[in-house]
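Peer 1: Sequence and predicted structure below; questions after.
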Amino acid sequence: MGKNPVAPDKKREGGQRLPEPIRNGYGHGLLKAGREREEIVALDADLAGSTRSQWFGEEFPDRFYQMGISEQDMMVTAVGMASAGKHPFASTFAIFSERAFEQVRNSVARMDANVKIVGSHGGVLTGQDGSSAQCIEDLAVYRAIPNMTVLCPSDVVESEAATLALAEYEGPAYMRTTRRKTPIHHDEDTTFEIGEGEILREGEDVALVGTGSMTGRAMQAAERLEAKGVSALVANMPTIKPIDRDLVAEISQRTGHVVTCEDHNVIGALGSAVAEALAETRPAKMARVGIDDHFGRSGTPDKLYEAFGLTPDHIVEEAERLVGNRVRA
């Protein structure tokens with residue numbers, strides 16, 4: 001198991017919890033769920049320290065399986081464990097999980113197996129590892145697989161709550177986590193309902209819909225829009241599939257303008273899911289902030305977010321373009 005420490009205490013400053021990587025929430029949640037349910041087991045593909053499944057393995061070594069660099073084997077092993085009554089969580093980097101697409105499709109999803117797949121280091125937020133490691137299509141890939149539920153929590157607290165929800169959920173699911181520290185938007189007592197989004201900030205002129213690390217950027221953009229006389233609602237969409245169609249229709253009715261924000265290809269994930277829901281429920285003017293069908297590249301996360309138009313200022317520009325003459329004097 002190596003010398004990696006068990007799960008750290010949740011650090012605070014002045015009573016406020018400091019930013020943490022979203023992946024830490026998975027580690028905390030998996031450990032807590034494992035203490036409550038003996039059928040939960042964890043598998044990892046030689047990246048346990050990075051995915052945070054290491055924390056589970058330190059406390060439950062007899063329920064932790066290090067599969068090595070063999071993602072295909074990990075997925076089918078997890079299916080075998082699920083068929084024997086275990087509840088496996090299989091984790092690796094998001095990009096490496098795609099090596100096992102055939103096994104996920106045919107063995108996990110087609111068999112409707114009770115397997116949870118967790119992909120860490122999603123998006124260009126991964127940074128200097130470069131385009132080969134920056135997974136920007138995972139949410140679309142998993143969303144397209146029948147029977148698969150797809151989650152993308154926005155902070156460490158929501159990630160922990162989502163992991164606990166997955167521990168109670170029967171069926172295949174994929175959850176994306178990220179590497180870099182992100183701000184926290186949720187209280188410690190947050191609960192997670194699969195398939196439900198939430199309104200984090202009220203507004204009238206435009207709705208900013210974020211998922212994952214981009215929810216925080218949407219919140220920052222809303223503050224900048226307020227200073228310009230634009231009232232921006234912010235919605236957090238931690239479930240990409242099934243998308244919360246009722247919430248999408250509600251924010252469309254209330255604002256008439258929707259901007260989706262995601263660290264992902266604009267094709268196939270949040271932007272596509274929201275667009276589909278709008279088209280079928282209540283159409284609105286819409287823009288998608290995300291990676292415009294390009295691969296990433298090496299650089300610091302901040303520089304990459306600037307290069308690919310994922311900053312609060314870019315969100316503000318798209319919102320102002322949509323709202324137009326509705327901007328208040």
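Peer 2: Sure thing, it's come through. Treat the numbers as computed from the prediction; the structure is a model and nothing was measured. Numbering: from 1, shown residues only.

Peer 1: Would you state the helices of this structure in chain order?
Peer 2: Under the criterion DSSP state H, the chain contains helices at 22-36, 48-51, 54-59, 71-83, 94-97, 101-103, 138-143, 156-168, 214-227, 245-255, 270-280, 301-307, 312-323.

Peer 1: Mean confidence (pLDDT) on the fourth one, please.
Peer 2: Mean pLDDT, computed over helix 71-83, is 98.

Peer 1: tell me which strands and helices that helix is in contact with?
Peer 2: In terms of contacts (3 or more C-beta pairs under 8 Å, 6 or more residues apart in numbering; DSSP states H and E), helix 71-83 is packed against strand 40-44, strand 87-93, helix 101-103. For glycine as for every other residue, the C-beta is placed from the backbone atoms N, C-alpha and C.

Peer 1: Switch these over to TSV; also include mean neighbour count, mean pLDDT and distance to residue 292.
Peer 2: Listed next are the helices and strands packed on helix 71-83 as TSV, based on neighbours: other C-beta atoms under 10 Å; pLDDT from 0 to 100; distance: least, C-beta to C-beta, whole Å:
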stretch	mean neighbour count	mean pLDDT	distance to residue 292
strand 40-44	24	98	33
strand 87-93	27	98	23
helix 101-103	15	97	24
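
Peer 1: Can you add distance to residue 288 and give those back as JSON lines?
Peer 2: Written out in JSON lines, the entries for these read as follows (distance: least, C-beta to C-beta, whole Å):
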{"stretch": "strand 40-44", "distance to residue 288": "33"}
{"stretch": "strand 87-93", "distance to residue 288": "25"}
{"stretch": "helix 101-103", "distance to residue 288": "25"}
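
Peer 1: Residue 312 is nearest to which of the ones you listed?
Peer 2: strand 87-93 (27.1 Å; C-beta to C-beta).

Peer 1: what's the angle from that closest one to strand 40-44?
Peer 2: 20 degrees (axes from the mean of the first three to the mean of the last three C-alpha atoms, to 10 degrees).

Peer 1: how about strand 87-93 as PDB, C-alpha atoms only?
Peer 2: The C-alpha coordinates for strand 87-93 follow below in PDB (Å, rounded to 0.1, in the frame of the first residue of the first chain):
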ATOM      1  CA  HIS A  87     -20.700  -3.100  -4.100                       C
ATOM      2  CA  PRO A  88     -17.500  -2.100  -5.900                       C
ATOM      3  CA  PHE A  89     -16.100   1.400  -6.500                       C
ATOM      4  CA  ALA A  90     -13.500   1.300  -9.200                       C
ATOM      5  CA  SER A  91     -11.300   4.400  -9.700                       C
ATOM      6  CA  THR A  92      -8.500   5.600 -11.900                       C
ATOM      7  CA  PHE A  93      -7.800   8.800 -13.900                       C
END
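
Peer 1: any residues touching it, and which ones?
Peer 2: Residues outside strand 87-93 that contact it (C-beta atoms under 8 Å, 6 or more residues apart in numbering) are 26, 30, 37, 39-48, 50-53, 71, 74-75, 77-78, 81-82, 114-121, 133, 135, 163, 166-167.

Peer 1: of the helices and strands packed on helix 71-83, which approaches residue 228 most closely?
Peer 2: Comparing those by C-beta to C-beta, strand 87-93 comes nearest, at 38.9 Å.

Peer 1: Measure how that closest one sits relative to helix 22-36, angle-wise.
Peer 2: 160 degrees.

Peer 1: strands paired with strand 87-93, and their directions?
Peer 2: Here strand 87-93 is paired, per DSSP bridges, with strand 40-44 (parallel), strand 116-120 (parallel).

Peer 1: Show the pLDDT at residue 189.
Peer 2: 87.

Peer 1: same check, this time on residue 324
Peer 2: 86.

Peer 1: got the contact list for it?
Peer 2: Contacts of residue 324 (C-beta under 8 Å, 6+ apart): none.

Peer 1: Flag the shaky bits of the stretch 201-329 of the chain, pLDDT-wise.
Peer 2: Residue ranges of the stretch 201-329 of the chain with pLDDT under 70: 325-329.

Peer 1: what about residue 85, how many neighbours?
Peer 2: 8 (other C-beta atoms under 10 Å).

Peer 1: is it true that it touches residue 41?
Peer 2: No: the criterion here is C-beta atoms under 8 Å, and residue 85 misses it with residue 41 at 10.5 Å.

Peer 1: Spit out the contact partners of the nearest residue to residue 138 once chain neighbours are set aside.
Peer 2: What sits nearest to residue 138 in space, not counting adjacent residues and going by C-beta to C-beta, 6 or more residues apart in numbering, is residue 94, at 4.6 Å. By C-beta under 8 Å, 6+ apart, the contact list for residue 94 reads 119-122, 135, 138, 176.
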